[in-house]
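Engineer: structure here, sequence nowhere to be found:
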């Protein structure tokens, strides 16, 4: 996506690590979605040029952070693509091993990224419940893209967000038939199509 010449011709593209992953404190989880959104807002403010429009694309838990960003900082988000995003409380799969391996006696055995994911997973329902009354703040054109066979972040998340987006001027809801959670890899052309769509919208 970062190397796509057609997108690069239309936009400056920036990828942001979420805290606890990549080069951003690997293995040190930040369970507060509100805090994560504040971090991304700081990055946008530091990079955005005067008058520059911003489209935010979030996948999976990154979609949760993107939605929170658009809720808390609507002046920073001009377009929103929520892809395979976790948005509805209790509508995601939790591995049976998540609870026992989150205990201090076992957590040290896990790779750093899994350690972070475990802590996020156990805190996520409360974080999504905290966001439930804030969806009205999103006022950017929004695309919701989800696989019909997503067994990790259930398709009900997409329908939940559609119901909640009462003040977005445009809402496009696309369920991708037969696809699972990995649309980044199985439907990249569709993702690029909707990024171009949002670029045209704004």
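Structural biologist: Okay, I see it. Being a predicted model, the structure only gives us computed values, none of them experimental.
Engineer: where do the strands sit along the protein?
Structural biologist: 55-59, 79-83, 142-147, 171-176 (DSSP state E).
Engineer: how far off strand 171-176 does the second one point, in degrees?
Structural biologist: In this structure, strand 79-83 runs at an angle of 20 degrees to strand 171-176, with axes from the mean of the first three to the mean of the last three Cα atoms, to 10 degrees as the basis.
Engineer: OK, contacts around the most centrally placed residue in the chain?
Structural biologist: The centre of the chain sits closest to residue 63, judged by Cα atoms, centre = their mean, with a distance of 1.2 Å. Contact analysis of residue 63 by Cβ atoms under 8 Å, 6 or more residues apart in numbering lists 82, 83, 84, 85, 86, 87. Where C-beta positions appear, they are placed from N, C-alpha and C, glycine not excepted.
Engineer: residues near residue 197, how many?
Structural biologist: Other residues lying near residue 197 total 16 when counted by other Cβ atoms under 10 Å.
Engineer: in contact with it, which residues?
Structural biologist: Residue 197 makes contacts with 143, 172, as judged by Cβ under 8 Å, 6+ apart.
Engineer: ok, the nearest residue to residue 158 once chain neighbours are set aside - how many residues close by?
Structural biologist: Leaving aside its sequence neighbours, residue 158 sits nearest to residue 146 (Cβ to Cβ, 6 or more residues apart in numbering; 3.9 Å). Counted with other Cβ under 10 Å, the neighbours of residue 146 add up to 27.
Engineer: for the longest helix belonging to the chain, which residues meet the burial criterion?
Structural biologist: Criterion DSSP state H: the longest helix present in the chain is helix 112-131. Across helix 112-131, burial judged by 16 or more other Cβ atoms under 10 Å covers 114-121, 124-125, 127-128, 131.
Engineer: centre of the chain to that helix, how far?
Structural biologist: 13 Å (Cα atoms, centre = their mean, to the nearest Å).
Engineer: ditto for stretch 30-41
Structural biologist: With Cα atoms, centre = their mean, you get 12 Å for stretch 30-41.
Engineer: make a markdown table from the strands of the chain and add mean pLDDT and distance to residue 188 to it.
Structural biologist: Below are the strands of the chain laid out as a markdown table (pLDDT from 0 to 100; distance: least, Cβ to Cβ, whole Å):
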| stretch | mean pLDDT | distance to residue 188 |
| --- | --- | --- |
| strand 55-59 | 97 | 12 |
| strand 79-83 | 98 | 11 |
| strand 142-147 | 98 | 12 |
| strand 171-176 | 98 | 12 |
